[in-house]
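Asker: Give me coordinates for this.
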Amino acid sequence: MESKAIAIVSGGLDSVTLAYLLHAEGYRLHLLSFDYGQRHKTELAFAELCAKRLDAEFDIIDVSAFGKHLKGSALTDNIAVPDGHYAAPNMAITVVPNRNAIMLSMAYGIAVAENAEIVAIGAHGGDHFIYPDCRPEFIASFDAMQRQAVEGFGHPKLRLEAPFLHIGKHQIVKLGSVLQVPYGDTWSCYKGGTKHCGTCGTCVERREAFELAGILDPTEYEKDAAQS
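Answerer: Numbers count the residues shown, from 1 in each chain. A predicted model of the protein is given here:
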């Protein structure tokens, strides 16, 4: 019988690559996206498209009633999304307090109920600058905490996997190219227009990743590199 994986998939480059990796490894997938009251819902449509392509279960978990209390972030509050490099200090305004811990806790509950072997998240090395809940210390601590929280329940090998934790986004792009991830059907931009803006931190990081990987970027940007 196939092992099952619960994966948090936002519709972005990293998490969609994660889903394709787990699929290639033979896991039966249940992909979870979260509506936490973020600035736009564009990414959720791309997460659903990913699930359809991989013939995976898919659910959007609505925690927007709770998310409205997570104030002070440019992703959930009436605050302008900053432009610039992803690792710049001004990008700290895009932190959503405790977001990954909240999502992972729910994912673990579903994993126990569905006897899944792993819970997976696409946090990567480039996230460490400003997102504390994407760092190795957080992943190790959360995994240890959940082993206690679900002891005696669910799959005996249930664990947290973050396979990109020690690699950069350009390495994820290289892996995704091998896995034939359709990167034109992923969404990264924080601003949620009809095209990627090309100037927000995650757009800058996305463009840089393809350049460093030496792989053609299929993304349409509102502003090209010379303008941004």
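
Asker: Does anything pack onto the helix or strand containing L32? Which helices or strands?
Answerer: L32 is part of strand 28-35 when elements are defined by DSSP states H and E. If you count contacts as 3 or more C-beta pairs under 8 Å, 6 or more residues apart in numbering; DSSP states H and E, strand 28-35 packs onto strand 4-8, helix 13-24, helix 42-53, strand 57-62, helix 99-113. Quick note: C-beta positions are derived from backbone N, CA and C, even for glycine.

Asker: Listing partners with orientation, what would you give for the shortest one?
Answerer: Strand 4-8 has its sheet partners listed here by DSSP bridges as strand 28-35 (parallel), strand 118-120 (parallel).

Asker: so how far is the lowest-mean-pLDDT helix or strand in the chain off the chain centroid?
Answerer: For the chain, scoring each helix and strand by mean pLDDT, DSSP states H and E identifies helix 64-67 as the least confident one, at a mean of 84. Taking C-alpha atoms, centre = their mean, to the nearest Å, one finds helix 64-67 lying 19 Å from the centre of the chain it belongs to.

Asker: what does it rub up against?
Answerer: Contacts made with helix 64-67 from outside it, assessed by C-beta atoms under 8 Å, 6 or more residues apart in numbering, are listed as 35-38, 76, 96, 102.

Asker: List the buried residues in that helix.
Answerer: Burial within helix 64-67, assessed by neighbour count using 16 or more other C-beta atoms under 10 Å, is assigned to G67.

Asker: and if you look at stretch 153-166?
Answerer: So for stretch 153-166, counting by 16+ other C-beta under 10 Å, buried means 154-155, 158, 160-165.

Asker: before we move on, what about stretch 108-126?
Answerer: Quick answer for stretch 108-126 (16+ other C-beta under 10 Å): 108-112, 116-126.

Asker: Do I have it right that G126 meets E205?
Answerer: Yes. At 6.5 Å, G126 counts as touching E205 under the criterion of C-beta atoms under 8 Å.

Asker: one step back: would you list the helices and strands packed on strand 28-35 in CSV and tack on mean pLDDT and distance to A140?
Answerer: Supplementary listing: the helices and strands packed on strand 28-35 in CSV, determined by pLDDT from 0 to 100; distance: least, C-beta to C-beta, whole Å:
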stretch, mean pLDDT, distance to A140
strand 4-8, 98, 17
helix 13-24, 98, 18
helix 42-53, 96, 26
strand 57-62, 97, 25
helix 99-113, 96, 13
